[in-house]
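Participant: With the input below, show me the fold.
(2 chains)
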Amino acid sequence: MNGIERHTIAVLVDNEPGILARVVGLFSGRGYNIESLTVAEVDRVGHLSRISLVTSGTRMVIEQIKAQLDRLVPVHKVHDLTDEGPFVEREMALIKVAGRGESRIESLRLADIFRARVIDSTNESFVFEMTGSSDKLNAFIALMEPLGLVEVSRTGVVAISRGPGRF
Amino acid sequence: MPAEAMSGAEIVLKALVDQGVEVIFGYPGGAVLPIYDALFKQNALRHILVRHEQGAVHAAEGYARSTGRVGTVLVTSGPGATNAVTGLTDALMDSVPVVCLTGQVPTHLIGNDAFQEADTTGITRPCTKHNYLVRDVRDLARVLHEAFYVAKSGRPGPVVVDLPKDVLFASGSYSPPSAGQHKSYRPQLDPDPDKIAEAAALIGSAKRPLFYGGGGLVNSGAEACARFTELVRGLDIPCTLTLMGLGALPASDPHFLGMVGMHGTYEANMAMHDCDLLIAVGSRFDDRVTGRLNAFSPHSKKIHFDIDPSSINKNVHVDLAVVGDAGVALAKLGDALRAAERPLDGGAREEWWRRIDEWRRRDCLRYDKSRRDVIKPQYAIERLYAACRERDAYITTEVGQHQMWAAQFFKFEKPYHWMTSGGLGTMGYGLPAAVGVQVAHPEALVIDIAGEASILMNIQELSTVAQYRLPVKVFILNNQYMGMVRQWQELLHGGRYSESYTAALPDFVKLADAFGAFGRRVSDPADLDAAIGEMLAAPRAAIVDVAVDPTENCFPMIPSGAAHNEMLLGPQDEAKKPVSEEGMVLV
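Facilitator: Numbers count the residues shown, from 1 in each chain, chains lettered A, B, ... in the order given. Coordinates of the predicted model:
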């Protein structure tokens, strides 16, 4: 009952001004965690956006979060992907690494192993693009640290259920 | 045929009329001048000019809570909107349906720090059920109809519609309310039949059941309260009510144990602690009710009927949740219980009532009646109640000791007659709320039971009272202290009464006179009944300033951080049961 659980939740909302503030304000106002949150329009005709968020808390808190989200007026659906069955989640990161010589070659070699793509290159830097689970991104970024990691930009997690079913 | 072109301001008023609005509580200003101009040219809507926008929202709350309808507010941009924030938060906490129209600077100036500009939708987002900024006159009618739907559907609450001035001047066409479903907001009203069956089974097998009803019953309506009363009586189950639920079951009913919670009765709190089945209906396990959570009703299974899924398992884990409208759910529960025809455990029930009667014999609301030289505040409320029990009185209160004494000693037989600020605890609520109640019920007896500190927080509304000749009665329990603050300082802070004494109180009799009201001060218990009689007989507004014992504390009391079975029953208990360190940090 009191263990901390990590949940990935998808929320379908009207794409209207202020909707993100409503969701974020709900989390800050009630003291819930947001590990990551991403949002973009997914239905241009119906003007619907999909928010993917990763949060953590006790079971009671997770249930509260879902109930509180669901009672926001512009929220159409709330799905707890973690509870509802198999799903896939991905995150993308852009990772800038600067250096010369051996460390530069090593970063490129590791990028190859992790299937990161080089999307910008100078004589003394790379920008890698990498998609995968958050854990995989964390692992790669940790490896880049001693090799000249400069900065990281991450999208946060997007997620979808497995199989033919829809939301 | 295209609809006739109207101005945005005219569309606003037409939408209000079509939503059944008869009264608006408001205060004009630059951004809402077009609406005030349109108001000037019509007769369908009555406008009540308050003296402060906070008062407008509380008045609309009083109107809503005494009628079951949506209260409507109209204020200007900037300070008009920010002044309304306390009222909106109050309405949110107590689930009162209010639609508040706020003026806004023209759309092209939004974000420019224009004169009297405030980010109203930003500021009110956490203190409303929902809010809207209307940027296009084509959306105006639809948004207004939606605002009323959202305010009154499901768990009611306040809705703000922010109206830029250019939208009010723009020409558009009106659309009437549509019968269609809202695209996303559809609260569940019908409970799951399986859950009803489970609830019936739990009730059938309980030995020590207890009903715990709240404001959700009143919000569901008079019919829901009648069904609730029928169930309580039919099942012969004891019942307690929250502060917001008073009146949902007649106080004179022998099943009623009195209010629950921090200043609830001994029998209600002990029953909550010892019951084996707690049936919550439209109540939300608020911290004033539960006391220390890990000792809350430790032996019971819990059923929670609520229209708001987010109220379930928020503070207290329940065994069975039934989401839906209280009236619908209680009707279905009644059917299920009748169909089951399962005999209740008569022997166990008798034993349960025997225990409850023992607790009742403690007579927890007793107070020292030996002194003849000073009016005890409890006595003042008792005498007030005795004088108006046949008058179908509407009672509002401010916040503090007087509020708790009113809840304990005034007996409410019906819903919609008790208006108090429960969740937010807003001092200054009572007088403007009484304005709203009196506007809704012009012939009725409306009394604001007040403290001398609270009443000063919205005292300017006496001017509203005077303007509309509202015969509102203000009954002040004057102990010269912010009584509840003083009580906590006595209990928790070594009697260091830091800033809780008001050294320069006005002469309330002269104050009444200044606003054209009847005024009288009373300090001798022998004169109390006469003063109450004069107040009730006055055909106009009246203030009775009752000088009460300044040292009296409000008991019984569950100190913060304590459990229901650790109540303080009177001053003699204070020394014996000091407040725990964990309790100190709680509010």
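Participant: Let me see the contact set for residue 167.
Facilitator: Using chain A here. By CB atoms under 8 Å, 6 or more residues apart in numbering or on different chains, the residues touching residue A:167 are A:10, A:12, A:77, A:79, A:161. All C-beta spots, glycine's among them, are computed from the backbone N, C-alpha and C.
Participant: was after chain B, sorry
Facilitator: The contact partners of residue B:167, taken as CB under 8 Å, 6+ apart, are B:8, B:107, B:134, B:135, B:136, B:137, B:140.
Participant: what about the second one, neighbour count?
Facilitator: Right, the one you point to is residue B:107. 16 (other CB atoms under 10 Å in any protein chain shown).
Participant: Would you enumerate the residues in contact with it?
Facilitator: Applying CB under 8 Å, 6+ apart to residue B:107 gives the contacts B:135, B:164, B:166, B:167.
Participant: tell me which element the third one falls in.
Facilitator: The reference is to residue B:166. Take DSSP states H and E as the rule and residue B:166 turns out to sit in helix B:165-169.
Participant: average pLDDT for that helix?
Facilitator: Averaged across helix B:165-169, the pLDDT comes to 98.
Participant: Need the CA coordinates for that helix. CSV is fine.
Facilitator: Provided in CSV are the C-alpha atoms of helix B:165-169 (Å, rounded to 0.1, in the frame of the first residue of the first chain):
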residue,chain,number,x,y,z
LYS,B,165,-14.1,44.5,-23.4
ASP,B,166,-13.8,44.3,-27.2
VAL,B,167,-15.7,41.0,-27.2
LEU,B,168,-18.5,42.7,-25.3
PHE,B,169,-18.7,45.5,-27.9
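Participant: which of the contacts of residue A:167 lies closest to residue B:535?
Facilitator: For residue B:535, the nearest member of the contacts of residue A:167 is residue A:77. The distance, counting by CB to CB, is 55.9 Å.
Participant: Now do the domain split for chain A, please.
Facilitator: Following automatic domain parsing, one gets these domains for chain A: A:5-84, A:88-159.
Participant: first to last residue in the last one, what's the distance?
Facilitator: Terminal residues of domain A:88-159 lie 6 Å apart, using CA to CA, to the nearest Å.
Participant: and it, how far out from the chain's middle?
Facilitator: Taking CA atoms, centre = their mean, to the nearest Å, the mean C-alpha location of domain A:88-159 is offset from the chain mean by 16 Å.
Participant: likewise the longest one?
Facilitator: Using CA atoms, centre = their mean, the mean C-alpha position of domain A:5-84 is found 13 Å from that of the whole chain.
Participant: same question, stretch B:193-212
Facilitator: 28 Å.
Participant: Also stretch B:92-103?
Facilitator: For stretch B:92-103, the distance to the chain centre is 13 Å (CA atoms, centre = their mean).
Participant: Could you export that stretch as PDB, CA atoms only?
Facilitator: Once side chains and other backbone atoms are set aside, the C-alpha atoms of stretch B:92-103 remain, and they are given as PDB (Å, rounded to 0.1, in the frame of the first residue of the first chain):
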ATOM      1  CA  LEU B  92     -14.600  25.600  -4.600                       C
ATOM      2  CA  MET B  93     -13.900  24.200  -1.200                       C
ATOM      3  CA  ASP B  94     -17.600  24.000  -0.300                       C
ATOM      4  CA  SER B  95     -18.800  22.900  -3.700                       C
ATOM      5  CA  VAL B  96     -21.100  25.800  -4.300                       C
ATOM      6  CA  PRO B  97     -22.300  26.400  -7.900                       C
ATOM      7  CA  VAL B  98     -21.400  30.000  -8.900                       C
ATOM      8  CA  VAL B  99     -20.800  31.500 -12.300                       C
ATOM      9  CA  CYS B 100     -18.500  34.600 -12.000                       C
ATOM     10  CA  LEU B 101     -18.300  36.900 -15.100                       C
ATOM     11  CA  THR B 102     -15.100  39.000 -15.000                       C
ATOM     12  CA  GLY B 103     -14.300  41.900 -17.200                       C
END
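Participant: is chain A contacted by that stretch?
Facilitator: No - with CB under 8 Å from any CB of the partner chain as the measure, stretch B:92-103 is seen stopping short of chain A, the closest distance being 11.8 Å.
Participant: Nothing else from me, thank you.
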